[in-house]
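[1] Dropping a prediction and its sequence here:
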Amino acid sequence: MSLVEEEFTSCVTCCCYKLLENPAINQVKSKGTRDGVIHLLGVLVKKYNHLLGASVKIIQLLQHFEHLAPVCVQAVSLWVSEYGVRSIVGEVMREIGQKSPEELSREGSGVRAYAAFLTELAACIPAAMLPSISVLLDHLDGESYTMRMAVLEVMGEMVSQVLSGEELEESGRDARDQFLDTLQEHLHDTNSFVRSRMLQTFTRIVNKKALPLARFRDVLTLTVGRLVDKSVNVCKNAIQLLAAFMANNPFTWKLSSVDLKAPLQKEVDKLKEMKDKAKEQAPVAVIEAWELWEAMEPELLQTVQSELQKGREEREGEEERVEETALAAAENIAHLLRNNKYRQAVSLTLACMKTFPEDDLFVVSGGEEEEEDEEDKPTEEVVMAVMALIFKGPEKSSFKAPSAATGSQSSESGGVETGSPQEPPLPSSEPGDPSAAAELLSKQEMLVQYLRDTHDFAVKIEEAIAVISTMLYWKTTSVVQEAIDFFVTVSEFGVSQALVGVRRMLPLVWSKDAGVKEAVVEAYRRLYLNPAGDSQRAKAQSLVQNLSMLMVDASLGTIECLEEIIFDFFQKKELPPAVLQLLWERFTGKLSSSSLERRAAVLLLGMAARY
């Protein structure tokens, strides 16, 4: 059957949509029915001209049935991937984009359904949504923060899944930069839910390593600023983003501004030295005389024509009397030409042609019959040829005004030997490959930039540590747990200021909140119970060393807190028997150890005795 009547198609689609309206369609037991309906609608959309009707019906379903957002996402993504109907994405997005703020204010559940649909669809098929993203941008200025969050999340998915990587074309990089600019702007959104969602979006982008390195500093600065936000959720998500930055940083495994300052200064000084050396060795740019002549020739020709059009008496009245030698006059003409004083140069040339009619510098080789006429009335070709001879020489070589000491000159006639071209000046540099030197300079600049970015990153993290350390005693459990996890992360990366937070969290082991207490114990478990070593004894030695470090210079209050944590370790049998054996060996002197280490061993054995 090649043609299907529209009424029959409408009847089938109505039955399908009625089945989708059932609230139980989302359940696992309805999966077969749901998949069958979606595939049937896909065939109708692809083969029976139901595309426009399907896009309108999806909007109506979302408007009245909030639970259908995941089903509609599944349907549209399947129609795009399996049936190749990409245009339906643009149609649905256009319908949502045309919703006015008044309509959205009346549709409470519909707005939530639209937002959920856009967000989930962007996670499934962001590439198909990219060409039509412009139809949604008006919602960024609307009053509905729900739609604002949805559009921004769509941009975030496009950045993390489509517009990432070094192989992006210019248009793709421009779109990515525009999206990131928009996301950064809304980190200061008036609504705290939007600010919080933007931090979550950037966390996903950073975790997927889709944030360009050039954006790290700006986004990190904005994130540190959100730590003092009035909203607890914003602060919590800011801590999570900072932890993601640390875990996915492209710089180094050890981030300490103190340790990085000296190498940075050393490489900066080396770069400055290389630049100074490159300036000293820079070759002198040589511009050939014939190149200058070609540049000035059109304007000079107009000046010659203008001078020759004057009457003879008028020209003679303007011409100055030549009282110098032909060689000195030629030098003067060349100097005037180089300084763009064309009228004076032409006037002096005409005067010299009359004063020195037989000098080689002011005679152009030609027929003897023309000499009389040229002497009485020179043509523009002859004047230009004389000036070209003076400026360029007989060949295309750099013109250099000869001096009185120049050899092979005729002192009687004032002529000059111009037959040999001049050699260009040699650059005042040491022997070597200029391209290799430029490559080394470029590598050094990249190294300095890398170290500077790393240092700036470490400084920003240390600024964040100072703020987050005050959050350890907030009443909000989730924020305290995020702060504890953050300090564990920065400690693993060797940040010098992390020890402040690690010690500050110790008293929380006495917290009445079981979640906070468990978070502190887990933090110390991650920091000190992950020993390195190939054998069991080597791991035990590393573990004892870590525990002993906790005891060195510890106050009485700190020791009591550590005792509670280590008792928990012994109670859960997380410390093997080899640890106790090594502690006894240290205490008895069987293993060489300092007095502080023996003191730490005694304290640890006392804690173990409680168990």
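    That came in fine, so what should we check first?
[2] count of neighbours near residue 265?
    Around residue 265 there are 12 other residues, counting by other Cβ atoms under 10 Å. From N, CA and C alone the C-beta is placed, and that goes for glycine too.
[3] Repeat that for the one 10 residues further on.
    Here the number of neighbours of residue 275 (other Cβ under 10 Å) works out to 13.
[4] Counting by contacts, list what the helix or strand hosting it packs against.
    Taking DSSP states H and E as the definition, residue 275 sits inside helix 257-281. Helices and strands touching helix 257-281, as assessed by 3 or more Cβ pairs under 8 Å, 6 or more residues apart in numbering; DSSP states H and E, comprise helix 434-468.
[5] Now do the nearest residue to residue 550 once chain neighbours are set aside, the pLDDT please.
    Nearest non-adjacent residue to residue 550, counting by Cβ to Cβ, 6 or more residues apart in numbering: residue 562, 5.5 Å away. pLDDT for residue 562: 84.
[6] was I right about residue 562 contacting residue 554?
    Yes: using Cβ atoms under 8 Å as the test, residue 562 is close enough to residue 554 to be in contact (6.8 Å).
[7] Mind checking which of the two has more residues around it?
    Shown here are residue 562 and residue 554; by other Cβ under 10 Å, residue 562 has more neighbours (21 against 17).
[8] Which of the helices or strands spans that one?
    helix 556-571.
[9] Could you pull out the helices in the stretch 301-450 of the chain for me?
    Taking DSSP state H, counting those that start in this stretch as the criterion, the stretch 301-450 of the chain carries its helices at 312-318, 326-338, 342-355, 368-376, 380-392, 434-468.
[10] Report all helices and strands that the second one contacts.
    For helix 326-338, the contact count by 3+ Cβ pairs under 8 Å, 6+ apart identifies helix 289-308, helix 342-355, helix 380-392 as packing neighbours.
[11] And for the longest one?
    For helix 434-468, the packing partners by 3+ Cβ pairs under 8 Å, 6+ apart come out as helix 216-225, helix 232-247, helix 257-281, helix 477-492, helix 498-504.
[12] Show the average pLDDT along that helix.
    Rounded mean pLDDT across helix 434-468 is 85.
[13] Next one, pLDDT for the most centrally placed residue in the chain please.
    Residue closest to the mean C-alpha point of the chain, counted by Cα atoms, centre = their mean, is residue 214 at 2.7 Å. As predicted, residue 214 sits at a pLDDT of 87.
[14] what about it, which SS state?
    Assigned with DSSP: H, G, I helix; E, B strand; the rest coil, residue 214 falls in the helix class.
[15] circling back: adding mean pLDDT, distance to residue 233 and mean neighbour count, write the helices and strands packed on helix 326-338 out as TSV.
    Converted to TSV, the helices and strands packed on helix 326-338 look like this (pLDDT from 0 to 100; distance: least, Cβ to Cβ, whole Å; neighbours: other Cβ atoms under 10 Å):
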stretch	mean pLDDT	distance to residue 233	mean neighbour count
helix 289-308	82	67	15
helix 342-355	84	75	20
helix 380-392	83	77	20
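[16] if we can go back for a sec, residues contacting the helix holding residue 562, please?
    503, 506-507, 509-510, 520-521, 524-525, 529, 547, 550-551, 554, 575, 603-604, 607-608, 610-611 (Cβ atoms under 8 Å, 6 or more residues apart in numbering).
[17] Quick one: buried ones out of those residues?
    503, 506, 509, 520-521, 524-525, 547, 550-551, 554, 575, 603-604, 607-608 (16 or more other Cβ atoms under 10 Å).
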